[in-house]
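*Asks:* What follows is a predicted structure for the sequence shown.
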Amino acid sequence: MQCLTPIIHSLSSIDSRIMGFFMDKKKQGVLVIAEAGVNHNGSLEMAKQLAHEARRAGADIVKYQIFESGMVASRHAEKAGYQKTSKNSAESQLEMIKKLELSNSEFVQLKGYCDSIGIEFLATSFDKNSTSFLKNVLKTKLFKIPSGEITNYPYLVQIAKYGKPIIMSCGMATIDDIRSSVEVLRDNGACDITLLHCNTQYPTPYCDVNLLAMNALAKEFGVRVGYSDHTLGIEVPIAAVALGATVIEKHFTLDRALEGPDHKASLEPEELKQMVTSIRNIEVALGSANKTITPSELGNIAIARKSIVAKCAIKEGELFSEENITTKRPGTGMSPMLWRDVIGREAPRDFESDELICL
């Protein structure tokens, strides 16, 4: 893999945007997390290239997964159905994730690379040591809890006690599961929690997305909400933004044909860029709750609307009636909404056919 030349970029605007998101409850703008996950296939250089592509696509954050494989899965744990292929069907989950593990020293280098090119680094941890490493060595500004850890009490307590902003995915969980987890987090010091609606199937069938549940989480827990997407394509995360998502998380890869558990359900770089662009367009398009005439359409009022005009020649003193007046463009004369005020009035002068009626 060709080593990428670091792109020197000012970090102040990135930092302020990320931290501003968590400090401002009325924050405008969607936080886009490009989920690299383990799609680096255990290669530091590929992990760096994923960061480069995430930045190029316009994402705010590139997120990885950090773990000590022996602390995550026992030798008896099976792989998920979507992770099994004919090539490695006999492989255990532990054997699979061991090949996808980056060392702590590699994560230090990766974090430094992300800083140098101006994209926020984030990693989801899956064990106690990796969680501590994020806090004490990499000094990440926030923590991401994956769906699989939502019932892991000691893990939740550890993260909550750090007092950092938390984003938690809610796949495979009931409202009661989520309530219990949120209570644990809040009881142990977490005060800034964002919940991501999620379906943990790769890829997620559209019939199982249940996107409206996202806002049910906001109503139930009084927190910001977002959406972690595992569908194919980019339609659903864009729809989530239109429904009020404040965070979007989406897996991406350098190439869906690569060997590995998550590549097939991930976006490729140009698709990621298209998704981010579409999200930014939707953000602008949402506007405000006020219905007003916008500057761009103001000039079309006279063109598109109609005025009261003479249907035929009208003599001075003749009464206006439905037989001699009608409505036509342009809308520069009397509004047709004044129709009842005009009917039955005397013409103050002669009018030619199609002439605007003036009283």
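*Replies:* Yep, it's here. Given the structure is predicted, the values throughout are model-derived calculations rather than measurements.

*Asks:* how deep is the closest residue in space to Pro205 that isn't next to it in sequence tucked in, by neighbour count?
*Replies:* Nearest residue to Pro205, sequence neighbours excluded (CB to CB, 6 or more residues apart in numbering): Thr231, at 7.9 Å. Where you see a C-beta, it was placed from the backbone N, CA and C, and this is true even at glycine. Look at Thr231: counted by other CB atoms under 10 Å, it has 20 neighbours.

*Asks:* Helix, strand or coil: sort out Thr231 for me.
*Replies:* coil (DSSP: H, G, I helix; E, B strand; the rest coil).

*Asks:* measure it to Met214 for me?
*Replies:* 14 Å (CB to CB, to the nearest Å).

*Asks:* for the protein, which residue is closest to the average position?
*Replies:* Nearest residue to the geometric centre of the chain (CA atoms, centre = their mean): Ile248, 2.8 Å.

*Asks:* Are we agreed that Ala123 is in a strand?
*Replies:* Yes. Counting by three-state DSSP, Ala123 is part of a strand.

*Asks:* now the stretch 51-200 of the chain, which segments are flagged as low pLDDT?
*Replies:* Residue ranges of the stretch 51-200 of the chain with pLDDT under 70: 79-90.

*Asks:* let's see 80
*Replies:* Along the stretch 51-200 of the chain, the parts satisfying pLDDT under 80 run over 70, 73-91, 94, 97.

*Asks:* mind listing the helices for it?
*Replies:* Here the stretch 51-200 of the chain has its helices, by DSSP state H, counting those that start in this stretch, at 69-72, 93-98, 104-117, 128-133, 153-160, 175-187.

*Asks:* could you redo these as a markdown table and give each row distance to Arg329 and mean neighbour count?
*Replies:* Output for these, formatted as a markdown table (distance: least, CB to CB, whole Å; neighbours: other CB atoms under 10 Å):
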| stretch | distance to Arg329 | mean neighbour count |
| --- | --- | --- |
| helix 69-72 | 69 | 15 |
| helix 93-98 | 68 | 18 |
| helix 104-117 | 55 | 17 |
| helix 128-133 | 67 | 17 |
| helix 153-160 | 63 | 18 |
| helix 175-187 | 55 | 16 |
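
*Asks:* Any chance of a markdown table for these, columns distance to Ile279?
*Replies:* Listed next are the helices of the stretch 51-200 of the chain as a markdown table, based on distance: least, CB to CB, whole Å:
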| stretch | distance to Ile279 |
| --- | --- |
| helix 69-72 | 32 |
| helix 93-98 | 31 |
| helix 104-117 | 21 |
| helix 128-133 | 29 |
| helix 153-160 | 27 |
| helix 175-187 | 25 |
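
*Asks:* nearest to Ala51, of the ones you listed?
*Replies:* helix 104-117 (5.1 Å; CB to CB).

*Asks:* Next, count neighbours for Leu338.
*Replies:* By other CB under 10 Å, neighbour count at Leu338 equals 14.

*Asks:* now do Arg345
*Replies:* Count around Arg345 with other CB under 10 Å applied: 12.

*Asks:* if I pick the residue nearest to the centre of the chain, what's in contact with it?
*Replies:* 30-33, 226-229, 237, 240-241, 275, 279 (CB atoms under 8 Å, 6 or more residues apart in numbering).

*Asks:* Now do the same for it: helix, strand or coil?
*Replies:* strand.

*Asks:* ok now do the residue nearest to it when sequence neighbours are not counted, which residues does it touch?
*Replies:* Distances taken as CB to CB, 6+ apart place Pro237 nearest to Ile248, at 4.8 Å, with adjacent residues excluded. Applying CB under 8 Å, 6+ apart, we find Pro237 in contact with 227, 229, 245, 248, 250, 275, 279.

*Asks:* you'd agree Ser125 is up against Asn136?
*Replies:* No. Using CB atoms under 8 Å, Ser125 is not in contact with Asn136; the gap is 12.0 Å.

*Asks:* out of the two, which sits in the busier spot?
*Replies:* Ser125 (27 against 9).

*Asks:* measure that one to Lys164 for me?
*Replies:* 12 Å.

*Asks:* ok, now Met96?
*Replies:* 30 Å.

*Asks:* out of the contacts of Pro237, which is most surrounded?
*Replies:* Most neighbours among the contacts of Pro237, by other CB under 10 Å: Asp229, with 31 neighbours.

*Asks:* Quick check: that residue touching Ile238?
*Replies:* No. In this structure Asp229 lies outside contact range of Ile238 using CB under 8 Å: 9.7 Å.

*Asks:* mind listing the strands for the stretch 1-150 of the chain?
*Replies:* 31-37, 61-66, 120-125, 143-145 (DSSP state E, counting those that start in this stretch).

*Asks:* Pipe the ones you listed into CSV and attach distance to Gly333 per row.
*Replies:* Below are the strands of the stretch 1-150 of the chain laid out as CSV (distance: least, CB to CB, whole Å):
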stretch, distance to Gly333
strand 31-37, 49
strand 61-66, 56
strand 120-125, 57
strand 143-145, 61
